[in-house]
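Asks: The following block contains a protein sequence and its predicted model.
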Amino acid sequence: MKATYTISVVAYNNHALTRQCVESVLANSGDDFELILSDNGSTDGSTDYFDELAKHHPRVLVWPYSHNLGFIEPNRAAFRMAKGTYFVLLNNDCVVPPGWLEVLRAPFLTDSKCAITGATGGELREDGVGGLRGSTDYIEGHCMMVRTDFVRAVEPGLFHVELSGAYAEDSYLSLQMREAGYTIHVTPIPGLLHHGGSTACMVPQCAQWHAHNREVLTGRFGHYLKNRTFQQ
């Protein structure tokens with residue numbers, strides 16, 4: 001089914017928050033989207049909830065996994081399946097308001113080089129840690145929209161193959177697209193709720209994933225992080 005938007009939500013337990021997220025998407029996203037729900041081996045009923053949704057919503061596709069693969073790999077798989085002009089990554093601890101997709105899409109309509117938009121962005125330190133609010137080095141991945149064809153031309157799998165699990169994938173992709181000559185835009189979404197870290201706090205591997213991905217990021221973009229230029 002062709003759609004303007006492909007929305008990807010990855011869940012690992014946290015059924016109550018996931019349900020709030022998915023219900024807000026279904027209620028506030030119009031009818032020009034497909035929703036790919038990936039479940040990382042949840043044991044709290046999330047998979048059954050997803051399966052029941054798919055029976056009643058033709059735009060919902062469920063992709064179950066037997067164990068927790070993190071954030072990156074399920075979104076890579078969703079990106080490969082995506083039919084939307086725009087691919088949206090949304091954390092399962094977000095609740096979206098009416099009009100959220102239009103807010104994220106707006107910069108694409110006025111900037112022909114726009115590749116990524118998102119509700120928040122940040123500045124990266126030289127060691128690859130993000131979160132500062134100075135210049136916008138990257139778009140945060142909890143609510144991010146990318147132009148599918150632009151990203152596929154630069155990174156066909158969405159996230160670089162050396163990245164694993166979770167963390168730094170949004171920074172890496174943002175720097176990749178900017179280095180290729182594209183732009184990124186922060187587009188605040190009034191009414192968006194984000195319960196940050198609600199899933200990550202339950203995953204022991206997160207610290208290991210974070211350390212590994214920061215090493216990959218700094219290895220590839222160390223010059224930029226030091227000099228704030230892609231010119232060697």
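Replies: Great, that's in hand.
Asks: show me where the protein has helices.
Replies: Using DSSP state H, the helices of the chain run over 15-28, 46-56, 72-81, 100-110, 148-154, 169-179, 206-227.
Asks: so which of those is the most packed in?
Replies: When neighbours are counted by mean count of other C-beta atoms under 10 Å, the highest per-stretch mean among the helices of the chain falls to helix 169-179, a mean of 23. To be clear about C-beta, it is placed using only N, CA and C from the backbone, and glycine gets the same treatment.
Asks: Adding distance to Leu124 and mean pLDDT, write the helices of the chain out as JSON lines.
Replies: Putting the helices of the chain into JSON lines (distance: least, C-beta to C-beta, whole Å; pLDDT from 0 to 100) gives the following:
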{"stretch": "helix 15-28", "distance to Leu124": "27", "mean pLDDT": "97"}
{"stretch": "helix 46-56", "distance to Leu124": "33", "mean pLDDT": "94"}
{"stretch": "helix 72-81", "distance to Leu124": "18", "mean pLDDT": "97"}
{"stretch": "helix 100-110", "distance to Leu124": "21", "mean pLDDT": "98"}
{"stretch": "helix 148-154", "distance to Leu124": "19", "mean pLDDT": "98"}
{"stretch": "helix 169-179", "distance to Leu124": "6", "mean pLDDT": "98"}
{"stretch": "helix 206-227", "distance to Leu124": "6", "mean pLDDT": "96"}
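Asks: of all those, which lies closest to Val186?
Replies: Go through those one by one with C-beta to C-beta and the one that ends up closest to Val186 is helix 100-110, at 9.1 Å.
Asks: Gln205 reaches Tyr167, doesn't it?
Replies: No: look at Gln205 against Tyr167 with C-beta atoms under 8 Å: they stay out of range, at 10.4 Å.
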